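J.: pasting the structure only:
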């Protein structure tokens, strides 16, 4: 569906700052969300299946070899380890599970571990399966689909015009080629970005409309959580009311996309997280993030339930299309649900926990300086 507002109208909304005006915008976005998705939700969880030592220069990432921060890292997880974390995510009430790795792509050996892990998750849980493993070809995307992956995540990170300020080693065109390969394989796409990287309000609107052209199934919105030692590590957090405003604007530009808030939501939003949900979110990233801790599952579920939304885990998440899997191509009988009770606290399950499961490697030498933008983003 095309955007519900024009570019110029989005720019006008970007200028509002009075809280009463933002609340009116939120109400409009809430109506759009309820009209298209009713009371359904789409709660996601991830595992950082391979972390640290990334060769790319993305300015927001502590895993980059250009960052002066101590590097959190571990080698590629095995398939059984991936399954263990998936079961914990399912117990906490997640509807889907994403396997995430660092870098532009995976070696053949590491890719096979992702394929085998996805197959185990499909066989032994009721979770919908996602992967975020950098650049992939259409052939690799088809192999993921055959293993039971239903959606592939690959962010554009920011607008095309601001992109050279974010990274010089990962080409924007490479990102769009991967997204095209995912579509060619018949998989759903999950494409979003990060707010507060230094982009202008106009560039945020540009990103929203560029995403509308890509037309992804899902749009994850991340909020910069400045990591010391990274290129953007000195930036202040966003004002919570600004975050809420931009969630609502993105909802009006992409009315049919599934929206979720991911990294940085706890640090940037604080007590305004429920208002951000009302601004148009379908879900959030439950549990922990790649290298930082998140909220408790109990609190996330309550936040949605208080707005009359249904966060109950579906017994056929992995087989019966819900509003977050509208294509309906996935067939087959769902596996038995191995866990009867939801888990409320992260200490009750082996949830992905970067504070204990990442090995922090101290810098032995000063990293190379971040490359200067070359202006090749057009």
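T.: Alright, I've got the coordinates. Bear in mind the structure is a predicted one, so any value in this text is a computation, not a measurement.
J.: buried set for the strand or helix carrying residue 11?
T.: Element membership of residue 11 [criterion: DSSP states H and E] is helix 7-14. Residues of helix 7-14 classed as buried: 10, 13, 14 (neighbour count, 16 or more other CB atoms under 10 Å). Any C-beta I mention is one placed from the backbone N, CA and C, and that applies to glycine too.
J.: next one: the first one from residue 278, what distance?
T.: Per CB to CB, to the nearest Å, residue 10 is found 19 Å from residue 278.
J.: that older thread, now the buried residues of helix 7-14 in TSV, with pLDDT and distance to residue 183?
T.: Shown next, in TSV, are the buried residues of helix 7-14 (pLDDT from 0 to 100; distance: CB to CB, whole Å):
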residue	pLDDT	distance to residue 183
10	98	25
13	98	30
14	98	30
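J.: mind putting these in TSV, distance to residue 176 included?
T.: Listed next are the buried residues of helix 7-14 as TSV, based on distance: CB to CB, whole Å:
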residue	distance to residue 176
10	22
13	27
14	25
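J.: who's in contact with residue 106?
T.: Listed by CB atoms under 8 Å, 6 or more residues apart in numbering, the contact set of residue 106 reads 50, 76, 114, 133, 134.
J.: using TSV, lay out those residues together with secondary structure and pLDDT.
T.: Below are the contacts of residue 106 laid out as TSV (DSSP: H, G, I helix; E, B strand; the rest coil; pLDDT from 0 to 100):
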residue	secondary structure	pLDDT
50	strand	86
76	coil	88
114	helix	96
133	coil	93
134	coil	90
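J.: buried subset of the residues you listed?
T.: 50, 76, 114, 133, 134.
J.: residues in contact with the nearest residue to residue 182 once chain neighbours are set aside?
T.: Excluding its sequence neighbours, the residue lying closest to residue 182 (CB to CB, 6 or more residues apart in numbering) is residue 152, at 4.4 Å. Listed by CB under 8 Å, 6+ apart, the contact set of residue 152 reads 130, 131, 132, 136, 141, 144, 178, 182, 187, 188, 189, 190.
J.: which of the residues you listed fall in helices?
T.: 141, 144, 178, 182 (DSSP state H).
J.: so which of these wins on neighbours?
T.: residue 182 (28 neighbours; other CB atoms under 10 Å).
J.: hang on, the earlier thing: tell me which two of the contacts of residue 106 sit farthest apart.
T.: 76 and 134 (12.7 Å; CB to CB).
J.: what do those two both touch?
T.: 101, 106.
J.: just the element for the residue nearest the centre of the chain, please.
T.: Centrality entry for the chain: nearest residue to the mean C-alpha point is residue 220, 4.2 Å, by CA atoms, centre = their mean. Residue 220 belongs to strand 218-223 when elements are defined using DSSP H and E.
J.: who's in contact with that strand?
T.: Against strand 218-223 from outside (CB under 8 Å, 6+ apart): 42, 151, 153, 155, 188-196, 211, 237-238, 243, 246-247, 250, 254, 257-265, 267-269, 285, 324.
J.: what's the span of stretch 149-165, first residue to last?
T.: 32 Å (CA to CA, to the nearest Å).
J.: what are the buried residues along it?
T.: Of the residues in stretch 149-165, those buried (16+ other CB under 10 Å) are 149-165.
J.: which ones among the residues you listed map onto strands?
T.: By the criterion of DSSP state E, membership of these in strands covers 151, 152, 153.
J.: contacting residues for the first one?
T.: Residues in contact with residue 151 (CB under 8 Å, 6+ apart) are 96, 128, 129, 130, 131, 187, 188, 189, 190, 217, 218.
J.: looking at those, which one is closest to residue 22?
T.: Using CB to CB, the contacts of residue 151 come closest to residue 22 at residue 218, 24.6 Å.
J.: neighbours of that closest one, how many?
T.: Neighbour count of residue 218, defined by other CB under 10 Å: 22.
J.: name whatever forms a beta bridge with it.
T.: residue 190, residue 258 (DSSP bridges).
J.: quick one: residues contacting the closest residue to residue 278 other than its chain neighbours.
T.: Distance criterion CB to CB, 6+ apart; nearest residue to residue 278, sequence neighbours excluded, is residue 30 at 5.0 Å. Contacts for residue 30 (CB under 8 Å, 6+ apart) come out as 278, 279, 280.
J.: buried sites along the longest helix along the chain?
T.: In the chain, taking DSSP H as the definition, the longest helix is helix 19-37. Neighbour counts using 16+ other CB under 10 Å place 22, 23, 25, 26, 28, 29, 30, 32, 33, 36, 37 of helix 19-37 among the buried residues.
J.: so which of those is the closest to residue 101?
T.: For the buried residues of helix 19-37, the nearest to residue 101 is residue 37 (29.8 Å; CB to CB).
J.: pretty sure that closest one contacts residue 282?
T.: Yes. Assessed by CB atoms under 8 Å, residue 37 is found in contact with residue 282 at 6.0 Å.
J.: mind listing the shared neighbours of those two?
T.: residue 258.
J.: show me where pLDDT drops low in the stretch 201-350 of the chain?
T.: 288-294, 314-340 (pLDDT under 70).
J.: can you give me the helices in it?
T.: Secondary structure of the stretch 201-350 of the chain by DSSP state H, counting those that start in this stretch: the helices cover 201-214, 240-253, 265-269, 273-278, 297-305.
J.: which of these is buried the deepest?
T.: helix 240-253 (a mean of 24; mean count of other CB atoms under 10 Å).
J.: that one vs helix 201-214, what angle?
T.: Relative orientation of helix 240-253 and helix 201-214, computed by axes from the mean of the first three to the mean of the last three CA atoms, to 10 degrees: 30 degrees.
J.: between helix 240-253 and strand 218-223, how many degrees?
T.: Going by the same axes, to 10 degrees, helix 240-253 makes 160 degrees with strand 218-223.
J.: packing partners for helix 240-253?
T.: In this structure, helix 240-253 makes packing contacts with helix 7-14, helix 19-37, helix 201-214, strand 218-223, strand 258-261, helix 265-269, helix 273-278, judged by 3 or more CB pairs under 8 Å, 6 or more residues apart in numbering; DSSP states H and E.
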